[in-house]
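Chemist: Predicted model follows, preceded by the sequence.
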Amino acid sequence: MEHSSSEGGRRRSEIARGKIDDLIERLRADIPSLEDPQARALFEVSAEALGGLSKAFADYERRSEPAWRGS
């Protein structure tokens with residue numbers, strides 16, 4: 001049962017990461033059309049922060065970090 005549960009977590013992680021990556025793309029695509037420099041900075045910083053979160057999900061999926069390997 002543990003393996004099945006792990007696979008379910010990995011699949012849900014992939015779905016969440018896909019949504020995060022879509023949002024990153026949308027934020028970056030909007031940057032050129034923003035005239036307000038502060039809004040441009042907000043969108044870029046948000047995309048960067050979400051990139052870190054996306055990496056954490058990918059690390060979980062690959063079990064590439066000690067925290068995701070379990071005991």
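Modeler: Yep, it's here. Numbers count the residues shown, from 1 in each chain.
Chemist: need the contact list for the residue nearest the centre of the chain.
Modeler: Closest to where the C-alpha atoms of the chain average out (Cα atoms, centre = their mean) is Ser54, at 2.0 Å. Applying Cβ atoms under 8 Å, 6 or more residues apart in numbering to Ser54 gives the contacts Arg17, Ile20, Asp21, Ile24. All C-beta spots, glycine's among them, are computed from the backbone N, C-alpha and C.
Chemist: Closest to Ala47 out of those residues?
Modeler: Nearest to Ala47 among the contacts of Ser54 is Ile24, at 4.8 Å by Cβ to Cβ.
Chemist: thinking again about what came up before, quickly name whichever of the contacts of Ser54 is closest to Arg63.
Modeler: Using Cβ to Cβ, Arg17 comes nearest to Arg63 of those, at 14.4 Å.
Chemist: in the lengthiest helix in the chain, what counts as buried?
Modeler: Longest helix in the chain, counting residues (DSSP state H): helix 2-30. Neighbour-count burial for helix 2-30, counted by 16 or more other Cβ atoms under 10 Å, picks out Ser13, Arg17, Ile20, Asp21, Ile24, Leu27.
Chemist: List the buried residues in the helix or strand just after that helix.
Modeler: Proceeding N to C from helix 2-30, the next assigned helix or strand is helix 37-62, under DSSP states H and E. For helix 37-62, a neighbour-count test (16+ other Cβ under 10 Å) marks Phe43, Ala47, Ser54, Ala56, Phe57, Tyr60 as buried.
Chemist: residues near the nearest residue to the last one once chain neighbours are set aside, how many?
Modeler: Right, the one you point to is Tyr60. Computed as Cβ to Cβ, 6 or more residues apart in numbering, the closest residue to Tyr60 that is not its neighbour in sequence is Trp68, at 4.7 Å. Neighbouring residues of Trp68 were enumerated by other Cβ atoms under 10 Å; the total is 14.
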